[in-house]
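> Just the structure for this:
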Amino acid sequence: MATSTGAGPEPGAGSTDLLWGLSQREPKRARPVLTIERIADAATAIADVDGIAGVSMQLVASKLDVTKMALYRHVKNKAELPAVMTELAIGPAPDLMAVPGDWRSRLEAWTLGMRETWQRHPWLPDATVGVRPTGPREIGWTESAVAALTGTGLTGAERMDAVFLISGHLRNTQSTNNAGTQPWEGDRGLRGHVTANPDMFPALLEAAKSVDGAPADSGFEFGLQRILDGLAALIDSRR
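Numbers count the residues shown, from 1 in each chain. Alright, predicted model coming up:
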């Protein structure tokens with residue numbers, strides 16, 4: 001009768017615990033593919049809280065749980081990142097031709113749409129200044145506004161100037177850099193000095209009496225309507 005040589009288990013022998021344990025293990029989750037969209041989303045989340053100045057490649061990499069060098073496979077440098085963030089944050093240009101009414105209602109819709117976007121992402125005014133790369137979405141917003149003035153009798157240059165004027169007004173009333181610059185804004189602003197020195201600032205003191213009931217929008221609505229009134233007067237004069 002043959003005896004075991006102790007050379008090891010025969011084929012097919014052994015415990016099945018290992019095999020049954022496999023079915024109870026949590027499968028490893030695959031790391032999401034790193035894309036330019038994921039990078040921009042992470043950077044936008046940081047900027048929405050800390051501003052565009054708070055965005056760094058290291059912070060973005062940490063948020064995505066990747067190395068900083070991994071980001072540079074998708075973004076050439078930090079200067080390119082705000083351009084991508086802006087392009088994705090502003091979204092597609094609105095279809096103003098679907099807005100009921102005339103050029104005025106369409107420009108109002110355009111301005112309010114841009115304002116809402118800037119309110120969601122307060123860093124946008126600061127990120128969209130100076131010489132910089134611009135994408136089709138951002139340019140498309142300008143195209144949409146200029147097209148709204150088609151058929152008004154304004155020249156091409158005047159249509160462009162009108163849109164830039166409205167954009168400038170929007171920037172002046174939305175930029176975080178302008179916060180607290182008015183004499184009546186802020187508990188520790190200039191309002192106290194005006195009140196304490198009525199002889200020095202009588203016009204400001206008189207005007208400030210009605211400020212408390214005015215819209216707290218840094219003059220956005222008032223300025224927009226005055227710009228549109230001026231455009232309406234010019235357009236009417238051409239007819």
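
> The least confident helix or strand in the chain by mean pLDDT: what's the following helix or strand?
Lowest on mean pLDDT, DSSP states H and E among the helices and strands of the chain sits helix 17-24, with a mean of 62. For helix 17-24, the following helix or strand on the C-terminal side (DSSP states H and E) is helix 36-50.

> For that next one, output the C-alpha coordinates as PDB.
Provided in PDB are the C-alpha atoms of helix 36-50 (Å, rounded to 0.1, in the frame of the first residue of the first chain):
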ATOM      1  CA  ILE A  36     -10.000  68.700 -17.900                       C
ATOM      2  CA  GLU A  37     -13.700  69.000 -16.800                       C
ATOM      3  CA  ARG A  38     -12.900  67.300 -13.400                       C
ATOM      4  CA  ILE A  39      -9.900  69.600 -12.900                       C
ATOM      5  CA  ALA A  40     -12.000  72.700 -13.700                       C
ATOM      6  CA  ASP A  41     -14.800  71.600 -11.500                       C
ATOM      7  CA  ALA A  42     -12.500  71.100  -8.500                       C
ATOM      8  CA  ALA A  43     -10.800  74.500  -9.200                       C
ATOM      9  CA  THR A  44     -14.300  76.200  -9.500                       C
ATOM     10  CA  ALA A  45     -15.400  74.700  -6.100                       C
ATOM     11  CA  ILE A  46     -12.300  76.300  -4.500                       C
ATOM     12  CA  ALA A  47     -12.800  79.600  -6.300                       C
ATOM     13  CA  ASP A  48     -16.500  79.800  -5.300                       C
ATOM     14  CA  VAL A  49     -15.400  79.900  -1.700                       C
ATOM     15  CA  ASP A  50     -12.000  81.500  -1.700                       C
END
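
> How about residues contacting that helix?
Helix 36-50 is contacted from outside by 32, 54-55, 59-60, 63-64, 71, 74-75, 81, 84-85, 88-89, 120-123, 127, using C-beta atoms under 8 Å, 6 or more residues apart in numbering. Any C-beta I mention is one placed from the backbone N, CA and C, and that applies to glycine too.

> now swap in stretch 95-112 and tell me
94, 141, 144-145, 147-149, 151-152, 166, 170, 224, 228, 231-232, 235.

> Those: which two are farthest apart?
151 and 170 (23.8 Å; C-beta to C-beta).
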